[in-house]
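[1] Here is my input; please provide its structure:
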Amino acid sequence: MFLQNNTHYNKLMDFKSFSKMMADKPSNQITKIFIFVFALAIIILLLPWTQNIKTIGSVSSISPNQRPQEVNSVISGRIEKWYIQDGQKVNKGDTLLQISEVKEAYLDSALLDRTQDQVVAKEEAITFYNQKANMASQQQTALNQSLAFKLEQTKNKLQQYTLQVQSDSMSFVAAKTQLKIATEQLDRQKQLFDAGLKSLTDFEQKQQYFQEALSKKIASENKFLNGKNELLNIKLELLAVQQDYNEKIAKISGEKFTAYSQVSASEAEVAKLRNQYSNYKKRQSFYIITAPQSGQVVRSTKAGIGETVKEGESLMQIVPDNFAPAVEMFIDPLNIPLIAIGQKVQIQFDGYPAIIFSGWPQASYGIFEGEIIAIDKSLGLTGKFKAWVKPGKGKQWPQSLRFGTGTKNVTLLNDVPLVYELWRQINGFPPEFYKPKSASEKSKDDK
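    Numbering: from 1, shown residues only. Got it, this is the predicted structure:
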């Protein structure tokens with residue numbers, strides 16, 4: 001209507017082509033196509049889209065004893081003989097190679113025998129020192145018995161002389177009493193003799209009696225003093241005997257403890273030599289290097305005969321035949337908060353063709369399903385976190401998988417409309433935080 005009322009419209013109608021075009025009836029085909037395309041776009045934008053995180057990884061194993069094992073030389077040595085070649089299958093315990101000794105301390109071919117001889121010699125020395133200690137103990141026991149006997153003998157002698165001194169003391173007291181009586185009688189006899197009442201004979205008898213009493217008194221006193229002196233000598237003898245035996249016993253005890261000390265020192269040396277003997281014997285078992293597990297030999301690092309190997313040096317790797325495969329998946333720190341144990345992962349293995357629709361996992365072809373079972377708590381040397389993925393419940397991976405096979409992984413998150421995902425991608429927003437369902441929630445959903 002606007003065009004028809006416009007003054008320019010009449011002028012345009014003067015043109016033949018314009019007037020012919022305006023004369024034709026408008027077609028509804030373009031409108032229908034436009035409406036169909038618009039509706040289809042709306043439907044597509046409303047379709048569910050599974051948010052995901054794309055990562056790379058490689059095939060490995062959760063169990064350390066099922067991973068490729070390095071075969072190392074425990075000791076330094078010289079390669080004498082190879083029993084295998086690269087790519088060969090070996091069983092656990094099979095001989096891989098033989099090395100010989102290169103260190104001077106172990107070159108003696110009779111090293112074990114000589115060490116054993118040293119052990120035997122030291123054990124004999126222990127026997128000798130034990131015998132010496134036993135003899136010293138016997139001597140000490142004999143000295144203790146002799147001391148007890150000697151002390152008992154001396155004590156008896158001391159008791160005898162004590163009684164004898166007591167008897168001499170009593171005799172001495174009696175002699176002094178008798179002398180006193182004889183002196184008094186002599187004095188009275190002299191007075192009576194001076195008075196003429198007693199005869200000279202009686203007076204002389206009293207004098208003789210006095211002399212006898214004085215002689216007995218002196219003899220008793222002398223015997224008493226000699227007894228006391230002898231008693232002191234016996235007491236000194238008792239102390240001397242005890243001191244003498246104590247010195248002898250102390251000397252014997254010192255010799256006994258010296259022998260015991262030598263026994264202990266020899267036992268320590270024997271233990272050291274036995275340990276050394278065991279080490280030498282164990283070292284000789286390292287000359288033959290065997291396979292730690294069954295598998296295939298790869299990556300041998302030494303070649304030929306006569307090459308020397310260092311202690312702990314890697315010689316080759318053995319890849320196990322049988323292992324439970326798992327995928328090491330490397331995740332950027334930005335996405336690690338969105339990863340949780342139990343999440344589903346779609347995996348494409350190198351060498352296995354696949355068609356992947358990351359947003360529509362049900363439409364993907366040639367992929368394998370997995371489940372996250374562990375996530376490292378620390379950042380790896382590559383600057384990424386590592387998660388372990390194993391086959392999902394009831395799912396199987398290819399039997400021909402090998403260690404180190406590369407993988408492309410798609411970790412599935414929330415289901416959102418496609419239009420929301422486009423809007424999120426345009427604005428650079430992160431995916432929705434996803435929390436896997438627990439076992440109880442899964443069982444409820446199944447019901």
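[2] Just the mean pLDDT for the helix or strand that Ile44 is a member of, thanks.
    Using DSSP states H and E, Ile44 sits within helix 29-46. Helix 29-46 comes out with an average pLDDT of 74.
[3] Within the sheet, what are the partner strands of the helix or strand just after it, with directions?
    Once the chain leaves helix 29-46, the next helix or strand it forms, by DSSP H and E, is strand 48-61. According to DSSP bridges, strand 48-61 forms sheet pairs with strand 325-331 (antiparallel), strand 406-417 (antiparallel).
[4] what's the spacing between the first one and its chain's center?
    So the one you mean is strand 325-331. 32 Å (C-alpha atoms, centre = their mean, to the nearest Å).
[5] do the same with stretch 30-49
    71 Å.
[6] repeat for stretch 391-406
    38 Å.
[7] again, but for stretch 281-296
    So, by C-alpha atoms, centre = their mean, the centroid of stretch 281-296 is 24 Å from its chain's centroid.
[8] mind checking the end-to-end distance for it?
    30 Å (C-alpha to C-alpha, to the nearest Å).
[9] Contacts for it, please.
    65, 68-69, 71, 73-75, 77, 87-101, 106, 112, 315, 318-322 (C-beta atoms under 8 Å, 6 or more residues apart in numbering). No exception for glycine: its C-beta is placed from N, CA and C like everyone else's.
[10] tell me which residues in that stretch are buried?
    Residues of stretch 281-296 classed as buried: Arg283, Ile289, Ala291, Pro292, Gln293, Gly295 (neighbour count, 16 or more other C-beta atoms under 10 Å).
[11] Stretch 132-152 now?
    So, applying 16+ other C-beta under 10 Å, buried residues of stretch 132-152: Lys132, Ala133, Ala136, Gln139, Gln140, Leu143, Leu147, Lys150.
[12] low pLDDT regions in the stretch 51-200 of the chain?
    Along the stretch 51-200 of the chain, the model assigns pLDDT under 70 to residues 51, 198.
[13] quick one, helices of it?
    Secondary structure of the stretch 51-200 of the chain (DSSP state H, counting those that start in this stretch): helices at 111-194, 200-285.
[14] Would you convert these into a markdown table that also reports distance to Lys32?
    Listed next are those as a markdown table, based on distance: least, C-beta to C-beta, whole Å:
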| stretch | distance to Lys32 |
| --- | --- |
| helix 111-194 | 100 |
| helix 200-285 | 89 |
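[15] re the thing from before, now the buried residues of stretch 281-296 as a markdown table including secondary structure, pLDDT and distance to Ile234?
    Putting the buried residues of stretch 281-296 into a markdown table (DSSP: H, G, I helix; E, B strand; the rest coil; pLDDT from 0 to 100; distance: C-beta to C-beta, whole Å) gives the following:
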| residue | secondary structure | pLDDT | distance to Ile234 |
| --- | --- | --- | --- |
| Arg283 | helix | 87 | 73 |
| Ile289 | strand | 91 | 85 |
| Ala291 | coil | 91 | 90 |
| Pro292 | coil | 88 | 86 |
| Gln293 | coil | 88 | 90 |
| Gly295 | strand | 90 | 95 |
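[16] Quick one: the residues you listed as JSON lines, columns for distance to Gly392 too.
    Shown next, in JSON lines, are these (distance: C-beta to C-beta, whole Å):
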{"residue": "Arg283", "distance to Gly392": "49"}
{"residue": "Ile289", "distance to Gly392": "41"}
{"residue": "Ala291", "distance to Gly392": "34"}
{"residue": "Pro292", "distance to Gly392": "32"}
{"residue": "Gln293", "distance to Gly392": "28"}
{"residue": "Gly295", "distance to Gly392": "27"}
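[17] quick one: which of the residues you listed is nearest Lys157?
    For the buried residues of stretch 281-296, the minimum distance to Lys157 (C-beta to C-beta) is 72.4 Å, reached by Arg283.
[18] Closest one of the buried residues of stretch 281-296 to Lys223?
    Once C-beta to C-beta is applied, the member of the buried residues of stretch 281-296 that ends up nearest Lys223 is Arg283, at 88.9 Å.
[19] How about the contacts made by the residue nearest to Glu255 when sequence neighbours are not counted?
    By the measure of C-beta to C-beta, 6 or more residues apart in numbering, the closest residue to Glu255 outside its immediate chain neighbours is Ala136, 4.8 Å from it. Listed by C-beta under 8 Å, 6+ apart, the contact set of Ala136 reads Ile252, Ser253, Glu255, Lys256, Ala259.
[20] would you turn those into TSV with neighbour count?
    Output for those, formatted as TSV (neighbours: other C-beta atoms under 10 Å):
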residue	neighbour count
Ile252	20
Ser253	15
Glu255	16
Lys256	19
Ala259	20
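[21] ok, the residues you listed vs Ser400, which is closest?
    Ala259 (74.3 Å).
[22] Am I right that that closest one is in contact with Tyr129?
    Yes. Contact criterion C-beta atoms under 8 Å: Ala259 and Tyr129 qualify, at 4.9 Å.
[23] Quick one: low-confidence residue ranges for the stretch 201-350 of the chain.
    203.
[24] from the chain's centre, how far out does the one helix or strand Lys390 maps to sit?
    Remark: Lys390 resides in strand 385-391, with elements defined by DSSP H and E. Offset of strand 385-391 from its chain centre (C-alpha atoms, centre = their mean): 31 Å.
[25] Walk me through which strands it pairs with, and which way each runs.
    Short version: by DSSP bridges, strand 385-391 pairs with strand 325-331 (antiparallel), strand 368-375 (antiparallel).
[26] now what about the shortest one, what contacts it?
    Residues from elsewhere that reach strand 325-331 (C-beta under 8 Å, 6+ apart): 53, 55-62, 339, 345, 347, 370, 372-373, 380, 382, 384-391, 397, 401, 407, 409, 411.
[27] Restricted to buried residues, select the residues you listed in PyMOL.
    Of those, the buried ones go into a single PyMOL selection, burial set by 16+ other C-beta under 10 Å:
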select buried, resi 53+55+57+59+60+61+62+339+345+347+370+372+384+385+386+387+388+389+390+391+397+401+407+409+411
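[28] Fine, thanks again, bye for now.
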